[in-house]
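In: Got a predicted model here, sequence first, then my questions.
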Protein chains: 2
Amino acid sequence: MSLDEHWYTEAYEECGSAFSLRIKEKLHDETTPYQRIEIYATEKFGNLMTIDGLVMLTDRDNFVYHEMMSHPALFIHENPRKVVIIGGGDCGTLHEVLKHTEVEQAWQIEIDERVTRLSEQFFPALCQSNNDARAQLYFGDGIQWVKDAEPGSIDVIIIDSTDPVGPAEGLFSEPFYRDCERALSDSGILVQQSESPLYHMRIIAPMHKAMARAGFTDTKTLHFCQCSYPSGWWSATMARKGRSIDTFREQAVQQRRFETQYYNADIHRGAFATPEFMRRILDQ
Amino acid sequence: MSLDEHWYTEAYEECGSAFSLRIKEKLHDETTPYQRIEIYATEKFGNLMTIDGLVMLTDRDNFVYHEMMSHPALFIHENPRKVVIIGGGDCGTLHEVLKHTEVEQAWQIEIDERVTRLSEQFFPALCQSNNDARAQLYFGDGIQWVKDAEPGSIDVIIIDSTDPVGPAEGLFSEPFYRDCERALSDSGILVQQSESPLYHMRIIAPMHKAMARAGFTDTKTLHFCQCSYPSGWWSATMARKGRSIDTFREQAVQQRRFETQYYNADIHRGAFATPEFMRRILDQ
């Protein structure tokens, strides 16, 4: 069958596949100094935001991504008090981070303020914590912000960015990881969205190497199914200063006082399982 | 963007999403007494087989599905000697099952012989074990075959079928599970493909209940990312007679003498993690 104008399609040309969502109407279309942002109402996935034609999030399935970008890192760290999100303009990661009562400050460094303002309008559930006294919304360049950060001042850095092309390219580089390592406190954690294990091992494998060269002690990739991203199989890659990533505060996960839709202790452990094909590539 | 005639698209209308693969050419199109089978050469996913317009498999991503339909069950069972596959006409599951040297007989009960003959032609890698002396290819009705099986004669039953509509509907029913339970030996295992946790909890939740009512002691769902199936998030649901599903022959997994592309001991453990939203539904 072919899809008519009632569908929004993102084609991943280099991978020869495409994902489509049936839409009811376009709600917004805006070109900012940084990118084109479109918002659609879909038939079954709630609202959809795209940036430069790529799906950023939908109401229906963003819970998996936002929970997995935040809770594993925050439950591995013994006492995450200061958290910095680079990108993350939809505020969904910020909302998850602020569920952790031990977090004293959560900075969101988004280059394009319009992403956040449109999220407040079209994804209000994700922006519920924007007025939390611990939330600091800063609009500017994340690479420069991390370079300027006081050494050892951040416990967890979450890089919740677009793909490593265009403005986000510098976020997938050894110099940036080096600045992150310097800005992190002892046993600090960096976690970065790292594309699809099925499609993008050419991105994930060099990330591990660059993070190690930047001075991190341990690196691991965690996996989850993300329906609206290319291949439906997504990942985040984590790097830790001075310690292993292998243990986490399991009792704190069990006793947490907030709800999750996806994350729990079993999911935490399971997400770090490395498929054989990937292990062979990473071992090279 | 819209996709032109160079794309094959499967739309999941009730879920408002679609998945497409860029094709080079159609290789085959045939209507059997059971269904319409089409084979395409895709740009990036190798060959593609569809049945009645639904993606069955591609060269590129079938490894995840076939490994997860077979190895978890076969490494949970202490000594799987007789294995029966219901459906599975592409022979990919059979190929994985026969990697286990302790398997003495592997029966594949496929209703439509043409699925197997076309797989031999267009997916030869999956059919490498069809001439193994332990392989028994039978073409007929799986429901009747299980009903006629000697009680206690099978160690593992793998239901590798199409979706629970049309010919496969009876495979998702308590009477069929009851026949499976009777045909299985003590501590025998049933494992069945069980659709998408994101889209089909209305199918998965009743499966657990029906399996329990049919006499099984323990039931669990395992998860994996399956790019070319609806939502990219797929599952298999397992039921065991007389024992728990929780332990497996981990040392045998570590020492296995065959290669896998996806499965290993960490993947085994991780696949059984139940997301929070699903746990809440299954606990009801």
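Out: Arrived safely.
In: C-alpha only now, for contacts and for neighbours.
Out: Will do.
In: Quick check: which element contains the nearest residue to residue A:53 once chain neighbours are set aside?
Out: Counting by C-alpha to C-alpha, 6 or more residues apart in numbering or on different chains, residue A:53 lies nearest to residue A:10, which is 6.8 Å off, once chain neighbours are set aside. Under the criterion of DSSP states H and E, residue A:10 resides in strand A:7-12.
In: Just the C-alphas of that strand, formatted as PDB.
Out: Coordinates of each C-alpha in strand A:7-12 appear next as PDB, following Å, rounded to 0.1, in the frame of the first residue of the first chain:
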ATOM      1  CA  TRP A   7       0.500  10.200   7.300                       C
ATOM      2  CA  TYR A   8       3.700  11.800   8.500                       C
ATOM      3  CA  THR A   9       6.700   9.800   7.300                       C
ATOM      4  CA  GLU A  10      10.300   9.800   8.400                       C
ATOM      5  CA  ALA A  11      12.500   7.900   5.900                       C
ATOM      6  CA  TYR A  12      15.900   6.700   7.000                       C
END
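In: helices and strands around that strand, which ones?
Out: Of the remaining helices and strands, those touching strand A:7-12 by 3 or more C-alpha pairs under 8 Å, 6 or more residues apart in numbering or on different chains; DSSP states H and E are strand A:17-31.
In: who in the stretch 1-150 of chain A is up against chain B?
Out: With C-alpha under 8 Å from any C-alpha of the partner chain as the criterion, the stretch 1-150 of chain A comes near chain B at residues A:1-5, A:8-11, A:15-22, A:42-45.
In: Pull out the buried members of those residues.
Out: Among those, those classed as buried by neighbour count (16 or more other C-alpha atoms under 10 Å in any protein chain shown) are A:3, A:8-11, A:15-22, A:42-45.
In: where's the residue in chain A positioned nearest to chain B relative to residue B:230, distance?
Out: Using C-alpha to the nearest C-alpha, the single residue of chain A nearest to chain B is residue A:270, 3.4 Å away. Counting by C-alpha to C-alpha, to the nearest Å, the separation of residue A:270 from residue B:230 is 22 Å.
In: Mind checking the pLDDT average for the lengthiest helix in chain A?
Out: Secondary structure of chain A read by DSSP state H shows that its longest helix is helix A:62-76. Predicted confidence along helix A:62-76 averages 98 (mean pLDDT).
In: What helices and strands are in contact with it?
Out: Using 3+ C-alpha pairs under 8 Å, 6+ apart as the contact criterion, the secondary-structure elements in contact with helix A:62-76 are helix A:92-97, strand A:154-160, strand A:184-193, strand A:218-225, strand A:233-240, helix A:250-254.
In: same thing but at 7 Å, please
Out: Helix A:62-76 sits against helix A:92-97, with contacts defined as 3 or more C-alpha pairs under 7 Å, 6 or more residues apart in numbering or on different chains; DSSP states H and E.
In: and the helix it packs on, what's its mean pLDDT?
Out: The model assigns helix A:92-97 a mean pLDDT of 98.
In: other SSEs contacting it?
Out: Contacts of helix A:92-97 with other secondary structure elements, assessed using 3+ C-alpha pairs under 7 Å, 6+ apart, are made with helix A:62-76.
In: on that earlier part again, could you say which helix or strand holds the residue of chain A closest to chain B?
Out: With the criterion set as DSSP H and E, the secondary-structure element containing residue A:270 is helix A:265-271.
In: after that helix, next one along is what?
Out: helix A:276-283.
In: now that next one: mean pLDDT?
Out: The model assigns helix A:276-283 a mean pLDDT of 97.
In: for stretch A:144-151, same thing?
Out: In the prediction, stretch A:144-151 has an average pLDDT of 98.
In: do stretch A:229-236 as well
Out: For stretch A:229-236, mean pLDDT is 97.
In: first vs last residue of it, how far apart are they?
Out: Stretch A:229-236 end-to-end distance (C-alpha to C-alpha) = 13 Å.
In: So that stretch, near chain B or not?
Out: Yes - applying C-alpha under 7 Å from any C-alpha of the partner chain, one finds stretch A:229-236 in contact with chain B at A:231-233.
In: next one: that stretch to chain centre, how far?
Out: If you compare the mean C-alpha spot of stretch A:229-236 with that of the full chain, they lie 11 Å apart, counting by C-alpha atoms, centre = their mean, to the nearest Å.
In: next one: stretch A:266-282
Out: 18 Å.
In: Please apply the same query to stretch A:228-248.
Out: So, by C-alpha atoms, centre = their mean, the centroid of stretch A:228-248 is 10 Å from its chain's centroid.
In: What residues sit buried inside it?
Out: Judged by neighbour count using 16+ other C-alpha under 10 Å, the buried positions of stretch A:228-248 are A:228-241, A:243-245, A:248.
In: got a list of what residue A:37 touches?
Out: Shown here is residue A:37, whose contacts under the criterion C-alpha atoms under 7 Å, 6 or more residues apart in numbering or on different chains are A:29-31, A:50-52.
In: How is it assigned, secondary-structure-wise?
Out: Taking DSSP: H, G, I helix; E, B strand; the rest coil as the rule, one finds residue A:37 in the strand state.
In: For it, give the beta-bridge partners.
Out: Beta bridges link residue A:37 to residue A:30, residue A:51 when assigned by DSSP bridges.
In: one step back: among the contacts of residue A:37, name the buried ones.
Out: For the contacts of residue A:37, a burial check counting by 16+ other C-alpha under 10 Å picks out A:50-51.
In: Residue B:277: which of the contacts of residue A:37 is nearest?
Out: When these are compared for distance to residue B:277, the smallest value, 26.0 Å, is given by residue A:50; criterion: C-alpha to C-alpha.
In: quick one, what contacts the closest one?
Out: A:37-39, A:56.
In: would TSV of those residues with pLDDT be doable?
Out: As requested, the contacts of residue A:50 are exported to TSV (pLDDT from 0 to 100):
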residue	pLDDT
A:37	98
A:38	98
A:39	98
A:56	97
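In: And for the closest residue to residue A:111 other than its chain neighbours, the neighbour number?
Out: In space, and not counting its chain neighbours, residue A:111 is closest to residue A:140: 4.4 Å by C-alpha to C-alpha, 6+ apart. Residue A:140 sits with 16 neighbouring residues when counted by other C-alpha atoms under 10 Å in any protein chain shown.
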